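A.B. asks: this one's sequence-less:
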């Protein structure tokens, strides 16, 4: 029983960050309809910003987080302005190829700048874990869970309760009508991509100190993010959050009770099942327009 | 103006000629190591050790009157890449001998290429038994196979009063081979083996496996993986409140890095290593160890990397000794010479003995294995 409880705690902590990765990508892939291969690189980028600010500049850990979010936002805006804007209206394959190119170029750049050896970031949290009866969890991971939850709520409110969010939803439903209603479509494209990117950078900045930081760290994260988005239904923020927790649960219980060798396969087995029985994802609304 | 425009191509031509001339004056050794991916830290350490050996050899006049040149390629911790890199080094760079490829799965992927091009390779780190038992006569290994590690460990299991052990190993030839060899030895000693958990080489979160191990009734966990994953395991085990004794194998633990990154969680852990940079006087070759450790520090590298990098140093010295003995930089001559050399390695004499099926034996040297314990953030040696 205590082992099961421990798995559930692990699932909560892991699921929070998966959810964060998922909502960033669901904005871009689900709502903007851009197959964003740079999502993993932005995750890596956020982690390296953390490394620069905390380890190289010696600044405060809690200060580094917003810096990473802002840096991710800026890099996302730059990608949208330089690569995606000229391609708007071209077919999805062209955009996809350009994004693959951007992914490889940016990953090689991180390798070139920081080298292939993994880096770690010191945190202000105590080493001793929080012990709750039979289960324990590290303070750092609790903080990551809390920060992820906060970012998820803020994003949800931004999309559903603000004028900007309303304009975003309108733009991607019908660009021409939104434009006629006075929405600055160019600005909406850039800000949506930038917000999604900043969420990826935030996830990297939060998880970098939990794990280690290296140039390819974003690859598996990106694959998982795509899985979460597809699981939850394209463009559905609540779906992405729940998808994140389902993936974490599948990995934890799969590794705990079936076979740890196939841990990463568990999540993808679920995706296959979902795609067979409910191809639009678990929570996709039928009226969503790509 | 006309004059200068004639001078430029002349200089270019001279540069090409001199460049080409200089190239023919070197003897090349191909180095096939993981510089990116899951084993980046370890592979980089090994390459830095290799460079120390090359510089030392060149400072003493090189080999056969020529300068030694290392052609270093990154196998990206990926077996497919490791095979491609070996092919590139042999066919395009024309190296007569290789050193590599760190991981067992990487080395196993390279081995068919060695057969194909009849080029020998000094294996500096890999520990899977399969490497020297499948009948590849181009393999010369200076690191201990996991069965040798298990045999060395056998002597101390009574003292440690082991009763039941779990395994947490990297899911590749190295990890699974270690779990197999150690389980066999444990069972001979009457120790029961509980869980055998695996983790992907790129996995960063081992909480699920560790939670499972936390719930088992064993008192000891044997962990086999490279240093980056190992530090994550120590941190995550501490976060889960896992209180079992942890023993690591494989010689890629870099205990100082574990102390630095895992802090108090490292205390009481034991590690099977193949080098003792902390106690040069206890190594088989104290003078060479002192030289290597001081050179390593002089270059500003992290001391923690010594337990890994010395294999690169020994590997290059082994290959160079064989070239010297062969009298020419040709693969067949070097392969023959490898059987006749005796190099004073940092971890005992490097002498190759035959291993594997008759007629196509691989070479296996017998290095020492040590057990160290971390106590109060310091490395202590245990007598085996």
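C.D. replies: Right, received. Where do you want to start? Just so it is clear, the model here is predicted, and its values are computed rather than measured. Numbers count the residues shown, from 1 in each chain, chains lettered A, B, ... in the order given.
A.B. asks: what about the helices in the stretch 201-350 of chain B?
C.D. replies: Per DSSP state H, counting those that start in this stretch, the stretch 201-350 of chain B carries helices over the ranges B:207-214, B:227-239, B:255-262, B:286-298, B:306-326, B:331-338.
A.B. asks: and these as a markdown table, adding distance to chain A?
C.D. replies: C-betas here are computed from N, CA, C, even on glycine. A markdown table is the format used below for those (distance: least, Cβ to the nearest Cβ, whole Å):
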| stretch | distance to chain A |
| --- | --- |
| helix B:207-214 | 4 |
| helix B:227-239 | 4 |
| helix B:255-262 | 6 |
| helix B:286-298 | 16 |
| helix B:306-326 | 12 |
| helix B:331-338 | 30 |
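A.B. asks: Just give me the lowest mean pLDDT stretch among those helices.
C.D. replies: Here the lowest mean pLDDT among the helices of the stretch 201-350 of chain B goes to helix B:255-262, at a mean of 82.
A.B. asks: So which residues on the stretch 151-290 of chain A come close to chain B?
C.D. replies: Applying Cβ under 8 Å from any Cβ of the partner chain, one finds that the stretch 151-290 of chain A approaches chain B through A:211-212, A:214-217, A:220, A:251-252, A:254-256, A:259-261, A:263-264.
A.B. asks: out of these, which are inside helices?
C.D. replies: A:217, A:220, A:251-252, A:263-264 (DSSP state H).
A.B. asks: Closest one of these to chain B?
C.D. replies: Ranking these by separation from chain B, with Cβ to the nearest Cβ as the measure, puts residue A:252 on top at 4.9 Å.
A.B. asks: thinking again about what came up before, check the ones in helices among the residues of the stretch 151-290 of chain A next to chain B and tell me the two furthest apart.
C.D. replies: Using Cβ to Cβ, these span at most 20.2 Å, a distance reached by A:217 and A:252.
A.B. asks: Quick check on those two: which one has the bigger neighbour count.
C.D. replies: Between residue A:217 and residue A:252, counted using other Cβ atoms under 10 Å in any protein chain shown, the more crowded position is residue A:252 (28 against 25).
A.B. asks: Please list all residues in contact with that one.
C.D. replies: When contacts are counted by Cβ atoms under 8 Å, 6 or more residues apart in numbering or on different chains, residue A:252 touches A:7-8, A:10-11, A:14, B:207-208, B:211.
A.B. asks: at 10 Å what do you get?
C.D. replies: Residues near residue A:252 by Cβ atoms under 10 Å, 6 or more residues apart in numbering or on different chains: A:4, A:6-15, A:263, A:266, B:205, B:207-208, B:211-212.
A.B. asks: quick one, phi psi at residue B:36?
C.D. replies: Backbone torsions of residue B:36, given as degrees, to the nearest 10, read phi -130, psi 170.
A.B. asks: got the contact list for the most centrally placed residue in chain B?
C.D. replies: Taking Cα atoms, centre = their mean, the centroid of chain B lies closest to residue B:125, which sits 2.3 Å from it. Residues near residue B:125 by Cβ under 10 Å, 6+ apart: B:33-34, B:39, B:42-43, B:45-46, B:99-104, B:106-107, B:141-143, B:174, B:226, B:250-252, B:274, B:308, B:311-312, B:315.
A.B. asks: If we use 8 Å, what do you get?
C.D. replies: Residues in contact with residue B:125 (Cβ under 8 Å, 6+ apart) are B:42, B:46, B:102-103, B:143, B:251-252, B:308, B:311.
A.B. asks: Show the backbone phi and psi for it.
C.D. replies: For residue B:125, the backbone dihedrals are phi -130, psi -40 (criterion: degrees, to the nearest 10).
A.B. asks: Stretch A:71-88: end-to-end distance?
C.D. replies: 24 Å (Cα to Cα, to the nearest Å).
A.B. asks: ignore the last one, stretch A:162-181
C.D. replies: For stretch A:162-181, the first and last residues are 16 Å from each other (Cα to Cα).
A.B. asks: likewise stretch A:131-138?
C.D. replies: End-to-end distance of stretch A:131-138: 9 Å, with Cα to Cα as the criterion.
A.B. asks: List the buried residues in that stretch.
C.D. replies: A:135-138 (16 or more other Cβ atoms under 10 Å in any protein chain shown).
A.B. asks: Select, from the residues you listed, the two members most distant in space.
C.D. replies: A:135 and A:138 (11.7 Å).
A.B. asks: Flag the shaky bits of the chain, pLDDT-wise.
C.D. replies: I went with chain A, as the question did not name one. Along chain A, the parts satisfying pLDDT under 70 run over A:284-290.
A.B. asks: Wait, chain B was what I had in mind.
C.D. replies: B:1-24, B:383-384.
A.B. asks: Any chance you could note which residues of it sit beside chain A?
C.D. replies: The interface of chain B toward chain A, taken as Cβ under 8 Å from any Cβ, is made up of B:35-37, B:40-41, B:44, B:74, B:171, B:197-200, B:202-205, B:207-209, B:211-212, B:214-215, B:228, B:231-232, B:235, B:238-241, B:261, B:263-265.
A.B. asks: From these, list just the buried residues.
C.D. replies: The buried subset of those (16+ other Cβ under 10 Å) comprises B:35-37, B:40-41, B:44, B:74, B:171, B:197-200, B:202-205, B:207-209, B:211-212, B:214-215, B:228, B:231-232, B:235, B:238-241, B:261, B:265.
A.B. asks: hang on, the earlier thing: closest to residue B:292 out of the ones in helices among the residues of the stretch 151-290 of chain A next to chain B?
C.D. replies: Set against residue B:292, the nearest of these by Cβ to Cβ is residue A:217 (32.4 Å).
A.B. asks: ok now do that closest one, which residues does it touch?
C.D. replies: For residue A:217, the contacting residues are A:43-44, A:47, A:204, A:208, A:211, B:204, by Cβ under 8 Å, 6+ apart.
A.B. asks: from the chain's centre, how far out does stretch B:269-287 sit?
C.D. replies: Here stretch B:269-287 is found 15 Å from its chain centre; the criterion is Cα atoms, centre = their mean, to the nearest Å.
A.B. asks: now stretch B:41-53
C.D. replies: Here the centre of stretch B:41-53 is set off from its chain's centre by 10 Å, with Cα atoms, centre = their mean.
A.B. asks: Report the buried residues of it.
C.D. replies: B:41-53.
A.B. asks: Dump these to CSV, plus secondary structure and distance to residue A:182.
C.D. replies: Output for those, formatted as CSV (DSSP: H, G, I helix; E, B strand; the rest coil; distance: Cβ to Cβ, whole Å):
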residue, secondary structure, distance to residue A:182
B:41, helix, 55
B:42, helix, 59
B:43, helix, 57
B:44, helix, 56
B:45, helix, 61
B:46, helix, 63
B:47, helix, 60
B:48, helix, 61
B:49, helix, 66
B:50, helix, 66
B:51, helix, 64
B:52, helix, 68
B:53, helix, 71
